[in-house]
Every structure is written in structure tokens, then in C-alpha cells.
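A.B. asks: Could you look at this predicted model? Sequence included:
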Amino acid sequence: MHELLTSGEMRAADARTIAAGTPGRVLMERAGRAVADAVSARHPVGTRVLILCGPGNNGGDGFVAARLLVTRGYRVEVALLGEREALKGDAALAAADWKGPVAAAAAARPDEARIIVDALFGAGLARELDGAARTLVEAVNGSGAHVVAVDIPSGIDGDSGAIRGTGVRAHETVTFARRKPGHLLLPGRLHCGHVRVADIGISDDVIAGLAIGTRANHPAWWRPQFPVPALDAHKYRRGHAVVISGGIAGTGAARLAARGALRAGAGLVTVASPPAALAVNAAQLTAVMVRPVDGADGLAAFLEDSRINALVIGPAAGVGPATRRMVETAAGRQRALVLDADALSSFAGDAEGLRGIAGAMGRSGVILTPHEGEFARIFKDQSDVVNAPSKLERARAAAAATGAVIVLKGPDTVIAAPDGRAAINENGTPWLATAGAGDVLAGIAAGLLAQAMPPFLAACAAVWLHAAAGERVGPGLIAEDLPEALPAVLRDLLAGIDE
Ligand SMILES: NC(=O)C1=CN([C@@H]2O[C@H](COP(=O)(O)OP(=O)(O)OC[C@H]3O[C@@H](n4cnc5c(N)ncnc54)[C@H](O)[C@@H]3O)[C@@H](O)[C@H]2O)[C@@H](O)CC1
Ligand SMILES: [K+]
């Protein structure tokens, strides 16, 4: 149920369902019924409902909802954007079944309605809203009515979450079969309100047959591979993660990452510290070990210990050739890698260099955790990446370009794998926008890599756990709280209580 369908995939799902014997008109009837149900679940019979229908099948759903709501005793008004004679196919059939008056959109009075059903545009949105459509959407947003969007708020691109000109601000959205990327990606998500998915008879088999590559990030699909120690686990079997510390004035970031890795279950975690910062690190670490490691040569010597199997490089590491050499050293020894912060900025404009890193890794895998600024720096010369049509597609293109798993951070973090799989995270909280939170995320990811979780799933799990920890702490959250909130999050996760 966590697949996210593009408009093209949704059209294919419709087409396959229709080909298998369910007429399109029946699908539309079910879609319209789900919308009517959403209205009647929350509002008493007799309430005034304004239904705004557009020129395509989204409008058709609106005509169905109008007919059903009248039979249930609601005071329904229908306004149509476009000409009734121009309606085609199932929408024309649904409009023919509506026996009440149809006003022109220009005559609609959104400010007088208690409830507005937005059935203007759905998956067929093809350009920016302008003219009468734009005026109508702005009137809806200024109306104060409770707005129920059909499929997706009109003006929001279902594939990208972008606002095309202007977009309806809905309180709830009723979509069909599965959610769409635009329900999770910003700014679309902010326009959707509560999203409910209605079953209109598109089977799980039809969805499975489409081999959907995008999902909402949910434990259901990575928990089977989440590392759980066996009864006879030895700490070395739970992996050894290493975090490279910055110099004397920048050691905290590495300790945050290290604590995250340890809480995520790595058997051992070591902070590899420049000798000059050793005392500072040692004074503040207990369960996490500390070890003097001097530059790339020191790291090479340290990595003679074959039990070290995952590294975090980047938090407060410094931008430049020294950090790059550290990355190259770790990659050459095929240890799973999480590259964050300064390690990413050390590859500014050099996505090719990162591709070389991922290529050197063999099967160990590398996870890159850029925020938007770092992402733009790395890929500034890759127009196919920076100009991809959505955050989802940018992350996917970046993963393909580098051969690394990409965690493109933000309120709608996207995780993408080089093979095209991608997930959009949705359990984030604004309280995570705080110094050091990203360091903890990198550490959690490394902790899972150390336990041999496959890189893409480790990245998905790390993002989810980090956000769940953030949600649990909530107001007042500081980065130090995140690792400490993990035990409770993990307990619920492993007990099967999904947040
Ligand atoms: N059989 C199906 O395909 C089903 C479709 N369903 C509904 O059908 C919708 C998709 O229907 P359509 O593909 O007809 O597309 P839409 O109804 O979303 O919109 C297409 C129409 O809008 C016009 N248009 C697009 N962008 C515009 C803009 N910016 N300004 C002005 N006009 C614009 C197009 O020219 C076209 O007439 C879904 O969102 C869903 O609500 C549901 O009824 C379930 C079954
Ligand atoms: K809509």
C-alpha cells in the first residue's frame, strides 16, 4: 500500500483494470462515491456543498459526488469550468446522470459555500493555471469553506508536488488506489490536508504488475532486513563503525554521529580523531571508543583492522583535499561509507569523483546525505540532475549519476538508489531543523551499514528512525536527544508498532 503512483502509472493502472473488465464509468462511480462519503462523514445532511467540476475526468468524479450527495439530502450546487458539450467519455456520462442545474464557473460563489469539492483538475493537469481557472482557485482559497480535493488539489502536480500557477488549499484530499508523489513532496503536501486513499477496485495485482519504483518510506518494506542481534551475538558480529572527527574546534559533530551509530546497534563505534583533538574527544566519550588517526595515511593504517566495516566521513571534517583523501582511502579499502557535510562539499562540481568513489566500493555501498545546498554544489555541472522535474527525480538522477544511494534531506527527504528505487519520507518534524541533527542521521545510517543492512534500505531506515526519534522528543529537541530517543523507537519498531 506504500507505492506512490505517477500520473502515467495511474493511467496504466486504470487502463489495465478497464481491460480486465471493469468499465471506466464504474471506476469513476466509485471515485465519486468516495468523495461523497468524505463529505457525508463529516458534515450533517442539509449542508450546502459547492462542487467545482473541471473539463476532464476529475470533473466527472465531481458530477458523481454531486448526484450522490443530493440523494443523501445535501444542498448541492455544481459549477463547471468549461462547456458542458465539450465533456467527453466517462465525464460526459457522469454529467448526463446529474439532473440538477450546472452553473458557469464564473457564476460560482465559493464564499457562500460551507463545503467545496474541488474537482477541477487531477492527474490530467497539463499546464499552469491561468485565467478563469486561476481566479476560481483563488476564490476557493479565500472562501473559508471546508475544501475536499478530488485526487489532488487542483493546480498541484501529482508527480512533483509543484504548484502550477496556483493551487487549491484543501483540508482533505480523497485519492484513488494509491497516493501520488505530489501528496508527499513539498509544497504539494502542504496543500493536501488529510489524505485518504479510496479503493476503487484497482487490484494489488495490477499495481504489482506495474513494478512501481517509488514508495512512501515506511518500516513495512525495510523491517524484514532490519538487523536484529541473534541470541548469541558477539559485539564484533554487530559491526564496527568509525566516525572521522574534525580538528580541535570541531569534534562535537563526530561524537553525535558516533552516538547515533552506537544506538542504531553497531557493536563497536570508534571516533577516529586527529591527534591534536584526542584529549577533547577522549574526555567526552565513554561507550564510544576513541583512537588517534592522523590524516589519510593514519586512516589507511587503522583500516588494517578488517573488522571495521562502516565509516562516516564529513561532519566538521573540513572541506578540501585532505578530506577527499580520507574518502578515497576508505573507499579503496571497500568499507561501507556515509559521506556527509564537508566530505560532500569536498566534491563540489565533481559528481564524477563521487562516481569513482562508489565504483571503488564494490558491493559495500556508499550513502551520500546532502541537504539542498550541498546537493546543488555537487551537481552544479550536471544539468540532467539539477534540472530534473522534482526533488524525487533529482535524487534519482543523482543516484544514477554517482552510483551511490542519495539521501536528499529536507522536510520531504527523498532516498534514492542507483537502480531507480526511491522513497519519500513523511514522518519528519520541523523540530529536526536543529544543529547537529544531520550528524546523528549519518551516524545512524553507518550503524545500520555496520550491521550489514543493504545500503538503500539502511538509508531508508535511518531516515525514518531519525524522524521518529525527532517526533518522540518534539519541542525543545536538540541533536543530543536523538540517539537517546532511539531505544524507545526501536522497541516499538521491533514490536511491530509502526508510527
Ligand atoms: N478511468 C479513469 O481514468 C479514472 C479517472 N479518475 C479521475 O480522472 C482524473 C484524471 O482525469 P483526466 O485525465 O481527464 O484529467 P483531469 O480531469 O485532471 O484534467 C484534464 C482536463 O483539464 C484540462 N487542463 C489541464 N490542465 C489545465 C490547465 N492548467 N488549465 C485549464 N485546463 C487544463 C485538459 O485540457 C483536460 O480537459 C483523476 O485525477 C481522477 O480524479 C477517476 O474517475 C477514477 C477513474
Ligand atoms: K482536484
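C.D. replies: In hand now; what should we look at? It should be emphasised that the depicted structure is a prediction, and the values quoted were computed from it without experimental measurement. Residues are numbered from 1 along each chain as shown. Ligands and ions are numbered 1, 2, ... in the order given.
A.B. asks: Might you list the low-confidence residue ranges for the stretch 351-499 of the chain?
C.D. replies: Scanning the stretch 351-499 of the chain for pLDDT under 70 picks out 498-499.
A.B. asks: Kindly apply the preceding question to the chain instead.
C.D. replies: Looking at the chain by pLDDT under 70, you get 498-499.
A.B. asks: Output the set of residues of it in proximity to ligand 2.
C.D. replies: D118, G122, A149, V150, S154 (C-beta under 5 Å from the ion). Yep, even glycine has a C-beta here, placed from its N, CA and C like the rest.
A.B. asks: which two in those residues are spaced the farthest apart?
C.D. replies: Pairwise distances across those peak at 9.4 Å for D118 and G122 (criterion: C-beta to C-beta).
A.B. asks: which of those two has more neighbours?
C.D. replies: Applying other C-beta atoms under 10 Å to D118 and G122 shows that D118 carries more neighbours, namely 32 against 29.
A.B. asks: okay, and the common contacts of D118 and G122?
C.D. replies: Residues touching both D118 and G122 (C-beta atoms under 8 Å, 6 or more residues apart in numbering): V150, S154.
A.B. asks: Could you single out the nearest of the residues of the chain next to ligand 2 to V195?
C.D. replies: Using C-beta to C-beta, the shortest approach to V195 within the residues of the chain next to ligand 2 belongs to A149, at 9.0 Å.
A.B. asks: Looks like the closest one contacts C192 (just checking).
C.D. replies: Yes: using C-beta atoms under 8 Å, A149 is in contact with C192, at 6.9 Å.
A.B. asks: joint contacts of the two?
C.D. replies: What both A149 and C192 touch, as defined by C-beta under 8 Å, 6+ apart, is the set A170, E172, T173.
A.B. asks: Out of those residues, which end up buried?
C.D. replies: The neighbour-count criterion (16 or more other C-beta atoms under 10 Å) marks A170, E172, T173 among the shared contacts of A149 and C192 as buried.
A.B. asks: follow-up on the earlier one: please identify which of A149 and C192 sits among more neighbours.
C.D. replies: A149 (33 against 25).
A.B. asks: Adding secondary structure and distance to ligand 1, write the shared contacts of A149 and C192 out as JSON lines.
C.D. replies: Shown next, in JSON lines, are the shared contacts of A149 and C192 (DSSP: H, G, I helix; E, B strand; the rest coil; distance: C-beta to the nearest ligand atom, whole Å):
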{"residue": "A170", "secondary structure": "coil", "distance to ligand 1": "13"}
{"residue": "E172", "secondary structure": "strand", "distance to ligand 1": "15"}
{"residue": "T173", "secondary structure": "strand", "distance to ligand 1": "11"}
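A.B. asks: Make TSV from these and add distance to A495 to it.
C.D. replies: Formatted as TSV, the shared contacts of A149 and C192 follow (distance: C-beta to C-beta, whole Å):
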residue	distance to A495
A170	35
E172	31
T173	31
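A.B. asks: which bits of the chain sit near ligand 1?
C.D. replies: Applying C-beta under 6 Å from any ligand atom, we find that the chain lies next to ligand 1 at 14, 24, 27-28, 31, 54-61, 121-129, 133, 150-151, 176, 200.
A.B. asks: Now with 5 Å, please.
C.D. replies: Residues of the chain found near ligand 1 (C-beta under 5 Å from any ligand atom) are 14, 24, 27-28, 31, 55-58, 61, 121-127, 129, 133, 151.
A.B. asks: and whichever residue of the stretch 301-450 of the chain sits closest to ligand 1, how many residues sit next to it?
C.D. replies: Nearest residue of the stretch 301-450 of the chain to ligand 1: P389, at 16.0 Å (C-beta to the nearest ligand atom). P389 has 12 neighbouring residues, counting by other C-beta under 10 Å.
A.B. asks: Contact partners for the residue nearest to it when sequence neighbours are not counted?
C.D. replies: Among residues not flanking P389 along the chain, S160 sits closest, at 5.4 Å (C-beta to C-beta, 6 or more residues apart in numbering). The contact partners of S160, by C-beta under 8 Å, 6+ apart, come to P181, G182, L185, G188, P389, S390, K391, L392, E393.
A.B. asks: separation between C53 and A95?
C.D. replies: The gap separating C53 from A95 is 8 Å, by C-beta to C-beta, to the nearest Å.
A.B. asks: and the two? which has more neighbours close in?
C.D. replies: Per other C-beta under 10 Å, whichever of C53 and A95 has more neighbours is C53, with 31 against 22.
A.B. asks: hang on, the more buried one packs against V76?
C.D. replies: No: counting by C-beta under 8 Å, C53 stays clear of V76, with 11.5 Å between them.
A.B. asks: which residues are common contacts for the two?
C.D. replies: Joint contacts of C53 and V76 (C-beta under 8 Å, 6+ apart) are A66.
A.B. asks: ok, and the closest non-adjacent residue to A450?
C.D. replies: Per C-beta to C-beta, 6+ apart, closest to A450 is G239, 2.9 Å.
A.B. asks: wait, what's in contact with that neighbour?
C.D. replies: By C-beta under 8 Å, 6+ apart, the contact list for G239 reads A266, G267, L268, N309, A310, G447, L449, A450, Q451, A452.
A.B. asks: The third one - how many residues pack around it?
C.D. replies: Other residues within reach of L268 by the criterion other C-beta under 10 Å amount to 19.
A.B. asks: Please report the distance of the closest residue to it other than its chain neighbours from ligand 1.
C.D. replies: Nearest non-adjacent residue to L268, counting by C-beta to C-beta, 6+ apart: H240, 4.3 Å away. Separation of H240 from ligand 1 (C-beta to the nearest ligand atom, to the nearest Å): 51 Å.
A.B. asks: thought H240 was touching L303?
C.D. replies: No: taking contacts as C-beta under 8 Å, H240 lies outside contact range of L303: 10.7 Å.
A.B. asks: So these two - more neighbours on which side?
C.D. replies: Neighbour count, other C-beta under 10 Å: between H240 and L303, H240 has more, with 22 against 19.
A.B. asks: Quickly list what the more buried one is bridged to.
C.D. replies: Beta bridges link H240 to L268, I308, judged by DSSP bridges.
A.B. asks: And the helices in the stretch 251-400 of the chain?
C.D. replies: With DSSP state H, counting those that start in this stretch as the criterion, the stretch 251-400 of the chain has helices at 252-263, 278-284, 295-302, 321-332, 341-345, 351-360, 372-378, 383-386, 391-402.
A.B. asks: thinking again about what came up before, shared neighbours of C53 and A95, which are they?
C.D. replies: Taking C-beta under 8 Å, 6+ apart as the contact rule, C53 and A95 both touch G59, G60, F63, L80, V102.
A.B. asks: What distance do you get for the fourth one to A66?
C.D. replies: If I follow you right, that is L80. With C-beta to C-beta as the criterion, L80 and A66 are 11 Å apart.
A.B. asks: Repeat that for the second one.
C.D. replies: Here the criterion is C-beta to C-beta. By it, G60 lies 11 Å from A66.
A.B. asks: circling back: among the residues of the chain next to ligand 2, which are located in strands?
C.D. replies: Among the residues of the chain next to ligand 2, DSSP state E puts D118, A149, V150 in strands.
A.B. asks: thinking again about what came up before, list the contacts of the residue nearest to L268.
C.D. replies: A266, G267, L268, V269, T270, D305, R307, I308, N309, A310, A450.
A.B. asks: I figured G32 hits A65, correct?
C.D. replies: Yes: contact criterion C-beta under 8 Å: G32 and A65 qualify, at 4.5 Å.
A.B. asks: what about those two, which has more around it?
C.D. replies: A count of neighbours by other C-beta under 10 Å puts A65 above the other of G32 and A65, at 33 against 29.
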